[in-house]
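**Q** quick check, what structure comes out for this input:
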Amino acid sequence: MRLSALALGTTLALGTTAGLAQAAPLDNEPLGSRAAGPAAPAIAAAPAAWAAGTRAYLVITTPGDTTAVRAAVVSNGGSVFASYDAIGVIVAHSTSASFAATMRGVSGVQKVGATRTSDVPADAYNPALPANPAQAAAPTTEPVRSDMTQIKADQAWAVNPGSATVKVGILDTGVDDQHQDLAPNFNAADSVSCAYGKPDTRAGAWRDVDEHGTHVAGTIAAAKNGKGAIGVAPGVKISSVRVAEPGTTLFFAENTVCGLVWAGDHGFKVTNNSYYTDPWQFNCPNDLDQAAILEGVGRAQAYAESKGSLQVAAAGNSNVDLANKTTDSTSPNDSTPVNRTLTNDCLDIPAELPGVVTVAANGTSGTSKASFSNYGRDIIEVSAPGESVYSTVPGGKYASLSGTSMASPHVAGVAALLASANPAYTPADIRAKLGEQATDLACPADARCTGTTAKNSFFGEGRVDALKAVGGSTPPPAGKYFENLTDYAIADNSTVESPLTVSGVTGNAPATLKVGVDIKHTYIGDLKVDLIAPDGSVYNLHNRTGSGTDNIVQTYTVNASSEVANGVWKLRVSDNASADTGRIDAWNLTF
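**A** Next up is the predicted model:
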């Protein structure tokens, strides 16, 4: 697998503080007709102990009932490690060198392929839990950085910072869920490890075995809490689906299949895939092993999409033209690479699968192609910032990384904003809007860039626009901004007020006073929320709607033109029932 930021897999460092993360291997790059019914894996008995020489295979059959083929796996010298019956994909292990050839002759078997050129690690049979790192002290500032202003995320936050009902899956090296900028938006219930190809739901199995996944997670949804960094969609929920294996940080096909099926079955509206499926940077259909990988991962992506999940993936960090492939000397990356000739039928997956949004990286200017970014006419769909992106890393820390791995989560965040503003949108709707709303970028003076300003091989349809995603077309009116970041506990059947002193504003408040509210509460149907003007006038913002929905993260517009602007404004929150509590996390006024 290749990390999209020149970060995972064979990571390419661009610098000490701004490492390059990859797109698929970990981008690894070099610097990401279905049967109805649940796709949760049916897991047959696997060997009780690891054996040297164990290899992993995808066995492809008709979706639905895989009973006969699973039995054939066992009778032909293999074991069933996991089975994704709804898509007809079985993950098999065997120490027999003839296993794949034998299984290809079994009735009902469509394809069989080895997923690696190295042995399955012993850890697969008794996986160790990743470390839970100690957390550094939280920063006391939260500047808005250039990557966010380039895509107008800072303007989008004032309109809609994202809905907590939108779940985004981080298919990556894992996520540090204890990080102070990620914990407020982390969804442990839908997090998992898919390392080795079957779900491991133990608490903490989803944690980071590198730093790449935590960095990606922060770009998507770091909380707007006054600490460190802000994500593109700071109001959405994120789940970690660890696809990388410890030690190697490789993303093998069975891991990717597991992650995509998990995404479909757990309601992820968007997933980010800043990696490529190892060990082959490009999978070619004329190779029997790689043909099975293409089929298995392709079925998993189609399944996830059919369940309402849009996949966003990094294009890769090799500075190659994906529309004119020639050679590959980097694969397989789990043993000894070989030189091979490619055709355009050889695909970087998941980035080049149908339905996936393929993302190129912009340079620091926001209008150039990052030097490392892959490109390709009619393959790149959109672009986003990918150089020196500042975000979260494990242990409560922060770092700048570069790569298409860093560009892809910007797009995933904008996709999450689109889903927040338009809950009925399908994956196809979101994919189309990302392109329609993107800012056109003209080709530079570079012969490799072909096409028009509206759509070309470097930037696709352009750089994504977060403000348009939430329905904005112009920047919010300029005005003075006041914020209270102090937490105020909301107890059962009680009322609490958070004050905010406004000064230096001439005259009355505007008819479009913006009231940004961030309330953490586990049952917002209990809550009545009011804005109290300095003279005591009450403006209701929320009145016991939303039932059992978690949290109110929203910006309201209030006609406060009859109120003197200067003075002490208050946010009043009343809890009107028992059993659920929370806090005022932050709130603000923009005049």
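
**Q** okay, residue 385 and residue 316: tell me how far apart.
**A** For residue 385, the distance to residue 316 under the criterion C-beta to C-beta, to the nearest Å works out to 17 Å. Heads up, the C-betas are built off the backbone N, CA and C, glycines and all.

**Q** the two: which has the busier surroundings?
**A** Neighbour totals were compared for residue 385 and residue 316, and residue 316 leads with 42 against 27 (other C-beta atoms under 10 Å).

**Q** so that one, which state does it fall into?
**A** coil (DSSP: H, G, I helix; E, B strand; the rest coil).

**Q** low-confidence ranges in the stretch 401-550 of the chain?
**A** Across the stretch 401-550 of the chain, the ranges flagged by pLDDT under 70 are 473-478.

**Q** mind listing the helices for it?
**A** Under the criterion DSSP state H, counting those that start in this stretch, the stretch 401-550 of the chain carries helices at the ranges 404-421, 427-437, 466-469.

**Q** residues contacting residue 240?
**A** By C-beta atoms under 8 Å, 6 or more residues apart in numbering, the contact list for residue 240 reads 170, 172, 174-175, 177, 186, 191-192, 206-208, 213, 217.

**Q** re earlier: pick the most buried one from the helices of the stretch 401-550 of the chain.
**A** For the helices of the stretch 401-550 of the chain, average neighbour numbers computed from mean count of other C-beta atoms under 10 Å are highest in helix 404-421, which has a mean of 34.

**Q** and that helix, how far from the chain's centre?
**A** In terms of C-alpha atoms, centre = their mean, to the nearest Å, the gap separating the centre of helix 404-421 from the centre of its chain is 8 Å.

**Q** can I get it in PDB, CA atoms only?
**A** Taking C-alpha atoms only, helix 404-421 is exported to PDB below (Å, rounded to 0.1, in the frame of the first residue of the first chain):
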ATOM      1  CA  THR A 404      -1.600  13.300  -2.300                       C
ATOM      2  CA  SER A 405      -2.400  11.600   1.000                       C
ATOM      3  CA  MET A 406      -2.800  15.100   2.400                       C
ATOM      4  CA  ALA A 407      -4.900  16.300  -0.500                       C
ATOM      5  CA  SER A 408      -7.400  13.500  -0.400                       C
ATOM      6  CA  PRO A 409      -8.700  14.200   3.100                       C
ATOM      7  CA  HIS A 410      -9.400  17.800   2.100                       C
ATOM      8  CA  VAL A 411     -11.700  16.500  -0.500                       C
ATOM      9  CA  ALA A 412     -13.200  13.900   1.800                       C
ATOM     10  CA  GLY A 413     -14.000  16.800   4.200                       C
ATOM     11  CA  VAL A 414     -15.700  18.800   1.500                       C
ATOM     12  CA  ALA A 415     -17.700  15.700   0.600                       C
ATOM     13  CA  ALA A 416     -18.700  15.400   4.200                       C
ATOM     14  CA  LEU A 417     -19.900  19.000   4.100                       C
ATOM     15  CA  LEU A 418     -21.900  18.300   1.000                       C
ATOM     16  CA  ALA A 419     -23.500  15.300   2.700                       C
ATOM     17  CA  SER A 420     -24.200  17.500   5.800                       C
ATOM     18  CA  ALA A 421     -26.000  20.200   3.800                       C
END
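
**Q** show me where the stretch 451-591 of the chain has strands.
**A** 481-484, 488-490, 495-502, 513-521, 527-532, 538-543, 552-558, 567-575, 582-590 (DSSP state E, counting those that start in this stretch).

**Q** of all those strands, which lies closest to residue 131?
**A** Put simply, out of the strands of the stretch 451-591 of the chain the one that sits nearest residue 131 is strand 513-521, at 27.4 Å, with distance taken as C-beta to C-beta.

**Q** direction included, what does that closest one pair against?
**A** The strands beside strand 513-521 in its sheet (DSSP bridges) come out as strand 552-558 (antiparallel), strand 582-590 (antiparallel).

**Q** in the first one, what's buried?
**A** When you say that, I think you mean strand 552-558. 552-556, 558 (16 or more other C-beta atoms under 10 Å).

**Q** and that strand with strand 538-543, angle?
**A** Calculated by axes from the mean of the first three to the mean of the last three C-alpha atoms, to 10 degrees, strand 552-558 forms an angle of 140 degrees with strand 538-543.

**Q** contacts for strand 552-558?
**A** Residues from elsewhere that reach strand 552-558 (C-beta under 8 Å, 6+ apart): 157-164, 234-235, 512-519, 521, 524, 527, 529, 531, 539, 541-542, 546.

**Q** out of the residues you listed, which are buried?
**A** Buried residues within the contacts of strand 552-558, defined by neighbour count using 16+ other C-beta under 10 Å: 157-164, 234-235, 513-519, 521, 524, 527, 529, 531, 539, 541-542, 546.

**Q** out of the strands paired with strand 513-521, which is closest to residue 564?
**A** Closest of the strands paired with strand 513-521 to residue 564 is strand 582-590, at 13.3 Å (criterion: C-beta to C-beta).

**Q** before we move on, the earlier item: out of the buried residues of strand 552-558, which comes closest to residue 97?
**A** Looking across the buried residues of strand 552-558 and measuring by C-beta to C-beta, the closest to residue 97 is residue 553, at 55.6 Å.

**Q** quick one: the closest one from residue 96, how far?
**A** As defined by C-beta to C-beta, residue 553 lies at a distance of 54 Å from residue 96.

**Q** residue 429 too?
**A** Here the criterion is C-beta to C-beta. By it, residue 429 lies 47 Å from residue 96.

**Q** what does residue 456 give?
**A** Residue 456 is 50 Å from residue 96, where distance means C-beta to C-beta.

**Q** one more: residue 292?
**A** Using C-beta to C-beta, one obtains 17 Å as the distance from residue 292 to residue 96.

**Q** who has more neighbours out of these two?
**A** residue 292 (26 against 14).

**Q** what bridges to the closest residue in space to that one that isn't next to it in sequence?
**A** Of all residues beyond its chain neighbours, the one nearest residue 292 is residue 113 (2.7 Å), with distances taken as C-beta to C-beta, 6 or more residues apart in numbering. Here residue 113 sits in beta bridges with residue 58, going by DSSP bridges.

**Q** please give me every residue in contact with residue 113.
**A** Residues near residue 113 by C-beta under 8 Å, 6+ apart: 57-58, 100, 288-293, 296.

**Q** show me those residues that map onto helices.
**A** For the contacts of residue 113, membership in helices holds for 100, 288-293, 296, with DSSP state H as the criterion.

**Q** quick one: terminal-to-terminal distance for stretch 95-107?
**A** Taking C-alpha to C-alpha, to the nearest Å, the span from the opening residue of stretch 95-107 to its closing residue is 22 Å.

**Q** please apply the same query to stretch 393-411.
**A** Where stretch 393-411 begins and where it ends lie 19 Å apart, using C-alpha to C-alpha.

**Q** and what of stretch 206-226?
**A** Distance between the two ends of stretch 206-226: 26 Å, counting by C-alpha to C-alpha.

**Q** tell me the mean pLDDT over that stretch?
**A** Throughout stretch 206-226, pLDDT has a mean value of 98.

**Q** ditto for stretch 304-319
**A** 98.

**Q** measure that stretch end to end?
**A** 29 Å.

**Q** okay, buried residues for it please.
**A** 304-318.

**Q** could you measure from the nearest residue to residue 547 once chain neighbours are set aside over to residue 202?
**A** Ranked by C-beta to C-beta, 6+ apart and with sequence neighbours excluded, the top spatial neighbour of residue 547 is residue 525, at 4.3 Å. Note on residue 525: its distance to residue 202, by C-beta to C-beta, is 33 Å.

**Q** which of the two has more neighbours?
**A** residue 525 (16 against 11).

**Q** ok, back up a step: can you tell me which two in the buried residues of strand 552-558 are farthest apart?
**A** The widest separation within those, taken as C-beta to C-beta, falls between 553 and 558 and amounts to 17.1 Å.
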